[in-house]
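1. Any chance you could fold what I've pasted below:
(2 chains)
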2 protein chains.
Amino acid sequence: MVEQSVNLATATHDRTRAGGSPARPDNGVRELVDYNYLSTTTGERKTIRAAHQLYEHLISLWAPAIIETAHDLGVFARLSKGPGTVAELAADLDTDQRATRVLLGGLVAYGVLERSDDDGEGRYVLPEEFRHALLPGGTFSLVGKMAHDRHVAWSAWRNLGDAVRQGTRDRSGNDRTNQISETNYEDLTFGINFWAPPIVDVLSSFLAESGWKKDQAVSVLDVGCGTGLYSQLLLERFPSWTAEGIDAPRIIPLATRQAEKIGVGARFTGTVRDFWQHGWGEIVDLILFANIFHLQTDDSVQKLMRSAADVLAPDGLICIADQIVVDEARPTTAQDRFALLFAASMLATGGGDAYALSTYDQWLAEAGLERVAVLEAPMHRLLLVGHAGRHTRAH
Amino acid sequence: MVEQSVNLATATHDRTRAGGSPARPDNGVRELVDYNYLSTTTGERKTIRAAHQLYEHLISLWAPAIIETAHDLGVFARLSKGPGTVAELAADLDTDQRATRVLLGGLVAYGVLERSDDDGEGRYVLPEEFRHALLPGGTFSLVGKMAHDRHVAWSAWRNLGDAVRQGTRDRSGNDRTNQISETNYEDLTFGINFWAPPIVDVLSSFLAESGWKKDQAVSVLDVGCGTGLYSQLLLERFPSWTAEGIDAPRIIPLATRQAEKIGVGARFTGTVRDFWQHGWGEIVDLILFANIFHLQTDDSVQKLMRSAADVLAPDGLICIADQIVVDEARPTTAQDRFALLFAASMLATGGGDAYALSTYDQWLAEAGLERVAVLEAPMHRLLLVGHAGRHTRAH
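-> Sure thing, here's the model as predicted:
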């Protein structure tokens, strides 16, 4: 007996590591499985590892539920006024105390909240960098995206099977009305503003490096501009540029207001125009299509390409920022993975697709255009396009 | 003009990297954001990065939807018979061809399917290691988990706010009936079998290292055994051991059947017994509580602890395998994160919690027990426990 006790004591140590999993830097979604304890060697072990991977995918459902519930209950609005304990938060939000503690724990696990135990009691804190994204009204607020999820996405994704059985196109090959446009397009328009700054970074760097129209009074046409943030951020960087954003009547006031807010109102013109009608006005230097092509079908793309080619200056550029698939068979990049999944999102909510780079090349050729460069952004690719033969490509 | 063309051509190169994001090894959920293009430096840049992180969490919803929809439509069953093209699969599944292509693309993005383009046309393949987890009937099948998600989890998580407002406990402090036990407890019992092998690995290694009861005829009591996989896998490793699994009348036949299948039927006894009644029978060497404590409240834990202490041999061990929280404030390990989130899952579906290691220590002390070791498994911690003072701890 004694010997066994001694043996056990020798073997006793907390194998709990202090440092956390070394496998993944603190970027995106953190691992919920410690793969250090899962082997990849033999047949059955591979199966068990695969089951953990699948389970981790299946429980991804928990993240939007926890974050959106916290939003619905007013957790973020409350914490924007200062940290709070479980008891304080439950009192302020009129929620059950134990359940509130569990919800807050989930938010800490996802890295959305921090918890400080400095004076003996846990105090939950909304980190500064998340404040803007989680509260309403700011340029990069995700509140619109969360509203969209609550109104549309949860039930659309739960019933994805219906869309796969029936498809989303009517007999003439057009997408049925996208559920988004019927409900809360405005929410979602603001809800994806956060995509714009890194995309404009990549585009601006490329244009600056290439010396394209350096110091000239470039005119920009932002087609289906939404809030207009892409062209507005370009105006912010290039003080001699001007931009026109075209979109639907209920969207243009949002764009005009935002241009003022950003301080480029004098150089941004919001124009209500149906860009499906022929004739886009004056010749322009740079045409932006930000998140436009994934909503198109083959027919509508060709119409857009021709309209763009018609008004593009001889040395002008078109920038298509979208979910563009480069390797559909082996999606090893975040951009390819997101593009393929975004296509499924379009399917779930009623229309759209993510097209392959090779498909874009065909469309461009048909419109007398050609690809000048492909750039990467965090969740997009940027396709830079000119008139065929104008910008010698380095093949 | 010419110079500008030359400049552009010089700057032109596909910045698309061939290798994929280097940031994360191919373990769990793959990144959908390329964080290389997001800076962490200044205030607004940090906000934009945080918005990408939140967005990535919000769209986690897509993963269970895509995988479960594929299951519902019979994609995995079809691919278990051999690879197929989009056209073949859509014909066999009676689904829309374009929508099927999008769904398959999503599965490839998540790494659940592979696509081979060897003979010019994309052929989708179910990798061997996922087959077992995605098809029904196998020991490590997740089909039960997916059924549980469809029947319970989607609506429970969608309505998590109700649980946070109202709590899940009635006036006497007991959890309201867990939604699981009412619907598909059997599904879920099998659906989490995959947790067992790495947990038994960790436990077996520890016991072998410590020399505890080496080569003796150890008796195991598996309390609330479910399918009994934990004790059955121990019997597989230790040929001189015997085990008794106790659970409810509708569960025990599943456990007995599985013991036969694994080849340890002669040494496993499934016993229908209400383990809330006092008196667990003979003295035993090793008591297993696998995924039992997270369903308990303070009162019921103490009852279980006392019952276990009563039948535990003087040099015996209790192994508690559960979601045990070590650092609630800074959950840097996958085990802590999963534990905190699992508590939210219990909240969503009607009962249970994840308790802190310090809480376990208190419970143990009250029952005359003490902690011998804490071990880690992929999604669990294992608490090894003995009678107080019997296993000298290395403090």
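2. contacting residues for the closest residue to A:Ser219 other than its chain neighbours?
-> Excluding the flanking residues, the one nearest A:Ser219 by Cβ to Cβ, 6 or more residues apart in numbering or on different chains is A:Val284, at 4.7 Å. The way it works is simple: take the backbone N, C-alpha and C, and place the C-beta from them, glycine included. A:Val284 is in contact with A:Ser219, A:Val220, A:Leu221, A:Glu244, A:Val311, A:Leu312, A:Ala313, A:Gly316, counting by Cβ atoms under 8 Å, 6 or more residues apart in numbering or on different chains.
3. Filter those residues down to the buried ones.
-> A:Ser219, A:Val220, A:Leu221, A:Glu244, A:Leu312, A:Ala313, A:Gly316 (16 or more other Cβ atoms under 10 Å in any protein chain shown).
4. What's the first helix or strand after the lowest-mean-pLDDT helix or strand in chain A?
-> Ranked by mean pLDDT, DSSP states H and E, the weakest helix or strand in chain A is helix A:2-11, scoring a mean of 39. Counting by DSSP states H and E, the element after helix A:2-11 in chain order, helix or strand, is helix A:43-58.
5. to the chain's geometric centre, what's the distance from that following helix?
-> Taking Cα atoms, centre = their mean, to the nearest Å, the mean C-alpha location of helix A:43-58 is offset from the chain mean by 28 Å.
6. ok, the nearest residue to A:Leu58 once chain neighbours are set aside to A:Asn159 distance?
-> Spatial nearest neighbour of A:Leu58, excluding adjacent residues (Cβ to Cβ, 6+ apart): B:Pro64 at 4.8 Å. Going from B:Pro64 to A:Asn159 by Cβ to Cβ, to the nearest Å gives 13 Å.
7. try A:Trp195
-> When distance is defined by Cβ to Cβ, A:Trp195 is 27 Å away from A:Asn159.
8. Looking at the two, which has the bigger crowd around it?
-> Per other Cβ atoms under 10 Å in any protein chain shown, whichever of A:Trp195 and A:Asn159 has more neighbours is A:Trp195, with 23 against 13.
9. Quick check, pLDDT for that one.
-> Listed pLDDT for A:Trp195 reads 96.
10. I'd assumed A:His380 was in contact with it.
-> Yes - the criterion here is Cβ atoms under 8 Å, and A:Trp195 meets it with A:His380 at 6.7 Å.
11. Pick out the residue in the stretch 201-350 of chain A sitting closest to chain B.
-> A:Thr332 (3.1 Å; Cβ to the nearest Cβ).
12. okay, now that residue: neighbour count?
-> 17.
13. The residue nearest to A:Leu58 reaches A:Ser60, doesn't it?
-> Yes - counting by Cβ under 8 Å, B:Pro64 touches A:Ser60, with 6.0 Å between them.
14. So which of those two has more stuff around it?
-> Between B:Pro64 and A:Ser60, counting by other Cβ under 10 Å, B:Pro64 is the more crowded of the two (25 against 22).
15. part of a strand, is the more buried one?
-> No - assigned with DSSP: H, G, I helix; E, B strand; the rest coil, B:Pro64 falls outside any strand and is helix.
16. Format the contacts of A:Val284 as CSV; extra columns: distance to A:Arg390, pLDDT and secondary structure.
-> Formatted as CSV, the contacts of A:Val284 follow (distance: Cβ to Cβ, whole Å; pLDDT from 0 to 100; DSSP: H, G, I helix; E, B strand; the rest coil):
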residue, distance to A:Arg390, pLDDT, secondary structure
A:Ser219, 17, 98, strand
A:Val220, 18, 98, strand
A:Leu221, 18, 98, strand
A:Glu244, 22, 97, strand
A:Val311, 15, 96, helix
A:Leu312, 10, 97, strand
A:Ala313, 10, 97, strand
A:Gly316, 9, 97, strand
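17. Let me know the closest of the residues you listed to A:Ser80.
-> Closest approach between the contacts of A:Val284 and A:Ser80, by Cβ to Cβ: A:Val220, at 35.4 Å.
18. give me the beta-bridge partners of that closest one?
-> Bridge pairing for A:Val220 (DSSP bridges) gives the partners A:Ala243, A:Leu286.
19. Distance of it relative to A:Asp322?
-> Remark: distance between A:Val220 and A:Asp322 (Cβ to Cβ) = 17 Å.
20. likewise A:Val372?
-> For A:Val372, the distance to A:Asp322 - Cβ to Cβ - is 16 Å.
21. Check A:Ile283 too.
-> In terms of Cβ to Cβ, A:Ile283 sits 24 Å off from A:Asp322.
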